[in-house]
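[1] Provided below for reference: sequence and predicted model.
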Amino acid sequence: ARSVQENSSVYRPLVILRPPPGHSFSPDSTEQPPAGRIRVGLECLCSGEQLLGQMCFLHASGGQLPRDQPWYLLDTLCTGSCLDAEKVSRWVQMLVATAWLLLPHSLHCQLTALPSGKSCSFQLTGTSGLQSSTEMVFAVQ
């Protein structure tokens, strides 16, 4: 969705999160009434792990989430076994801010991360004073 005001525009893209290989997302059914939390589970990769060069976390680690792999992000994005929307938002803000500095546009526009809870918000301000705001809303598939 996009809205336009005189000197600024606002974008609200929906960002679909997908689980990494060997993991799954499902609604957390342990809370009554359901609170809309998303549980992260492990899936077996044994049948395809040799072809894809991936390790089956479910069987190789005895069902324990791996903690010694630097690329493993679920500790960063979860509280317990559920996705934490605020942690996801902070992580995406950090990634976007870091990537922005590598783009040529960063010389002409200033990117500011805006405080937000379960979404991720930024404001771009150009040298001409034009402003653009983006609020990323997260969903899972």
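    Now that the structure is in, tell me what you want to look at.
[2] could you dump the top helix by length along the chain to CSV, C-alpha only?
    Looking across the chain with DSSP state H, the single longest helix is helix 85-100. The C-alpha trace of helix 85-100 is given here as CSV (Å, rounded to 0.1, in the frame of the first residue of the first chain):
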residue,chain,number,x,y,z
ALA,A,85,8.1,-10.0,16.3
GLU,A,86,10.1,-7.3,18.1
LYS,A,87,13.4,-9.2,17.7
VAL,A,88,12.6,-9.8,14.0
SER,A,89,11.9,-6.1,13.5
ARG,A,90,15.2,-5.0,15.2
TRP,A,91,17.2,-7.6,13.2
VAL,A,92,15.7,-6.4,9.9
GLN,A,93,16.3,-2.7,10.8
MET,A,94,20.0,-3.5,11.5
LEU,A,95,20.3,-5.4,8.2
VAL,A,96,18.7,-2.6,6.2
ALA,A,97,20.7,0.1,7.9
THR,A,98,24.0,-1.8,7.2
ALA,A,99,23.1,-2.5,3.6
TRP,A,100,22.0,1.1,3.0
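[3] report the buried residues of that helix.
    Buried residues in helix 85-100, counted by 16 or more other Cβ atoms under 10 Å: 85, 88-90, 92-93, 100. Every residue, glycine included, has its C-beta placed from N, CA and C.
[4] what packs against it?
    Applying 3 or more Cβ pairs under 8 Å, 6 or more residues apart in numbering; DSSP states H and E, one finds that helix 85-100 makes contact with helix 74-77, strand 109-114, strand 119-126, strand 131-140.
[5] which one, of these, ends up nearest to residue 15?
    strand 131-140 (4.9 Å; Cβ to Cβ).
[6] which other helices and strands contact that closest one?
    When contacts are defined as 3+ Cβ pairs under 8 Å, 6+ apart, strand 131-140 packs onto strand 8-11, strand 14-17, helix 85-100, strand 119-126.
[7] return the most buried member of the helices and strands packed on helix 85-100.
    Burial among the helices and strands packed on helix 85-100, expressed as mean neighbours by mean count of other Cβ atoms under 10 Å, is greatest for strand 119-126, which shows a mean of 18.
[8] quick check: mean pLDDT of stretch 96-112?
    Stretch 96-112 carries an average pLDDT of 90.
[9] can you check stretch 126-134 too?
    For stretch 126-134, mean pLDDT rounds to 87.
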